[in-house]
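Novice: Predicted model, plus sequence, below.
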Amino acid sequence: MLPFQIRPDQAVQEMLEFNQKLAEGLKTLTQIGQIDVGITPREAVYQEDKLVLYRYRPIVGNPSPIPLLIVYALVNRPYMVDLQPDRSLVKNLLEVGQDVYLLDWGYPDGADRYLTLDDYINGYLYRCVKAICRRHTLEKINLLGICQGGTFSLCYSAIYPSNVRNLITMVTPVDFKTPSNLLSHWMQQVDIDLLVDTVGNIPGELLNWTFLSLKPFRLTGQKYLDMIDSLGNVEAAKNFLRMEKWIFDSPDQAGEAFRQFIKEFFQKNALIKNKVMLGEHRVELKNVTMPVLNIYATEDHLVPSEASTALKQYVGTEDYTEAPFNGGHIGIYVSRRAQKEVPATISRWLEART
């Protein structure tokens, strides 16, 4: 008998077991109420348009005197960094003594159609940093930029180096045309002007399915077969549903900002060529002279490691550190190993420079 052959009685037994798990899983789902995310206590300290700046309640007696602002991407919701008590980058950073702020970009609508990257970086991000500096009577704070938010933080730090004491980038694209970057290969062929001029704001659902299509079998098929095994336990099912909530809670993208990001960063790879213009400011990475910690994921399918590690050859700092994480783009936030490794790495690195 060949190893891949299955006897009819085996197939029937597997189907019966699968149906039994499915029936039990449906019972589990009826016991689950609202799926809560963003669990760590916080307060809004600054608001402007759709944007809200949050400060998390410190949980140690004497937190770091230099606040840490987390800048997330526009394309997903930032509660990925505070998904649940045992999977929370924010909570773990608080436990090691950081004073944590988070910038929530909100959900753009038709009124935001003409927002540009200049508005986001020289406008919103600039004013959030200033608001934190005023609250703490400081001239500089620490920045933690994640994914596209890391790219934004690099741009901000290059334009306003006097406002940033330490910069941390996590799974951040820098060189947008590395050979293994499948998303970049796709973006080269898209007529962005036609897309934005036709639909205005880019639907979050469109981008979400684009990302899922990068690994179609694992992310749109196998995942739901594996889900059946988790439905026998209420907490495991909640864990799965929290991830699903985040994946499909994708904000629309302001049309002009999206146009500029795709054309300048993906299609022209202008960031590493010092050709990105944000309003009147040219982004030159050599002006990033503060200490830099660059955390990247070795199995990242969205931001290949070489797209992140390229940063080393372009920044102007002499204090540059790389920290690889053995995992993927999502695992670096929520895996058990990430909860132990990533916050501790960030804390040790910052403490050595405070």
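Specialist: Ah, there it is.
Novice: and residue 141, what does it touch?
Specialist: For residue 141, the contact set (CB atoms under 8 Å, 6 or more residues apart in numbering) comprises 66, 67, 68, 69, 129, 132, 133, 163, 164, 165. All C-beta atoms are positioned from the backbone trio N, CA, C, and that covers glycine.
Novice: Count the residues that sit near the second one.
Specialist: Residue crowding around residue 67 was assessed by other CB atoms under 10 Å; the count is 22.
Novice: What segments of the stretch 101-250 of the chain are helices?
Specialist: Counting by DSSP state H, counting those that start in this stretch, the stretch 101-250 of the chain has these helices, from start to end: 117-118, 126-136, 148-159, 182-187, 192-199, 204-212, 216-217, 223-230, 234-248.
Novice: Low-confidence stretches in the stretch 151-300 of the chain?
Specialist: 216-227 (pLDDT under 70).
Novice: one step back: nearest to residue 284 among the helices of the stretch 101-250 of the chain would be which one?
Specialist: helix 148-159 (5.7 Å; CB to CB).
Novice: tilt between the closest one and helix 126-136?
Specialist: Using axes from the mean of the first three to the mean of the last three CA atoms, to 10 degrees, one finds that helix 148-159 and helix 126-136 are set 80 degrees apart in direction.
Novice: what comes into contact with helix 148-159?
Specialist: The set of residues that contact helix 148-159 without belonging to it, under CB under 8 Å, 6+ apart, is 70-75, 103, 117, 120-122, 125-126, 129, 143-145, 163-164, 167, 169-174, 261, 265, 271, 276, 278, 281, 283-288, 290, 311.
Novice: Out of those residues, list just those in strands.
Specialist: 70-71, 103, 143-145, 164, 167, 169-170, 276, 278, 281, 283 (DSSP state E).
Novice: Dump the contacts of residue 141 to a markdown table, plus distance to residue 302.
Specialist: Shown next, in a markdown table, are these (distance: CB to CB, whole Å):
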| residue | distance to residue 302 |
| --- | --- |
| 66 | 30 |
| 67 | 28 |
| 68 | 24 |
| 69 | 23 |
| 129 | 26 |
| 132 | 29 |
| 133 | 32 |
| 163 | 28 |
| 164 | 25 |
| 165 | 29 |
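Novice: Just the buried ones out of those, please.
Specialist: The neighbour-count test (16 or more other CB atoms under 10 Å) marks 66, 67, 68, 69, 129, 132, 163, 164, 165 as buried among the contacts of residue 141.
Novice: Not counting sequence-adjacent ones, nearest residue to the fourth one?
Specialist: Taking CB to CB, 6 or more residues apart in numbering, and ignoring the residues beside it in sequence, residue 69 has residue 101 as its nearest neighbour in space, at 4.5 Å.
Novice: Check the fifth one too.
Specialist: Leaving aside its sequence neighbours, residue 129 sits nearest to residue 163 (CB to CB, 6+ apart; 5.5 Å).
Novice: Can you verify my assumption that the one you found contacts residue 127?
Specialist: No: contact criterion CB atoms under 8 Å: residue 163 and residue 127 do not qualify, at 11.4 Å.
Novice: So residue 329 versus residue 304, what's the distance?
Specialist: For residue 329, the distance to residue 304 equals 10 Å [CB to CB, to the nearest Å].
Novice: what do those two both touch?
Specialist: Shared contacts of residue 329 and residue 304 (CB under 8 Å, 6+ apart): none.
Novice: what about those two, which has more around it?
Specialist: Shown here are residue 329 and residue 304; by other CB under 10 Å, residue 304 has more neighbours (25 against 18).
Novice: and that one, how far is that from residue 179?
Specialist: Distance of residue 304 to residue 179, given as CB to CB: 8 Å.
Novice: Residue 208: what's it in contact with?
Specialist: By CB under 8 Å, 6+ apart, the neighbours of residue 208 are 247, 248, 250.
Novice: Just give the closest residue to the second one, not the sequence neighbours.
Specialist: Using CB to CB, 6+ apart and skipping the chain neighbours, the partner closest in space to residue 248 is residue 208 (6.4 Å).
Novice: next one: the first one
Specialist: Nearest in space to residue 247, with sequence neighbours left out and distances taken as CB to CB, 6+ apart, is residue 208 at 6.8 Å.
Novice: what's the spacing between the one you found and residue 252?
Specialist: Distance of residue 208 to residue 252, computed by CB to CB: 11 Å.
Novice: ok, back up a step: save the buried ones among the contacts of residue 141 as CSV, and put in distance to residue 56 too.
Specialist: What follows is these, written out as CSV (distance: CB to CB, whole Å):
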residue, distance to residue 56
66, 15
67, 10
68, 10
69, 11
129, 17
132, 12
163, 21
164, 20
165, 19
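Novice: Of these, which pair is most distant in space?
Specialist: Maximum pairwise distance in the buried ones among the contacts of residue 141, criterion CB to CB, is 13.8 Å, between 68 and 163.
Novice: mind checking which helix or strand residue 348 is in?
Specialist: For residue 348, the host element (DSSP states H and E) is helix 336-351.
Novice: next one: residue 54
Specialist: Taking DSSP H and E as the criterion, residue 54 maps to strand 51-56.
Novice: could the ones in strands among the contacts of helix 148-159 be laid out in JSON lines, adding distance to residue 300?
Specialist: Formatted as JSON lines, the ones in strands among the contacts of helix 148-159 follow (distance: CB to CB, whole Å):
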{"residue": "70", "distance to residue 300": "19"}
{"residue": "71", "distance to residue 300": "18"}
{"residue": "103", "distance to residue 300": "22"}
{"residue": "143", "distance to residue 300": "21"}
{"residue": "144", "distance to residue 300": "17"}
{"residue": "145", "distance to residue 300": "15"}
{"residue": "164", "distance to residue 300": "24"}
{"residue": "167", "distance to residue 300": "20"}
{"residue": "169", "distance to residue 300": "13"}
{"residue": "170", "distance to residue 300": "11"}
{"residue": "276", "distance to residue 300": "23"}
{"residue": "278", "distance to residue 300": "26"}
{"residue": "281", "distance to residue 300": "29"}
{"residue": "283", "distance to residue 300": "23"}
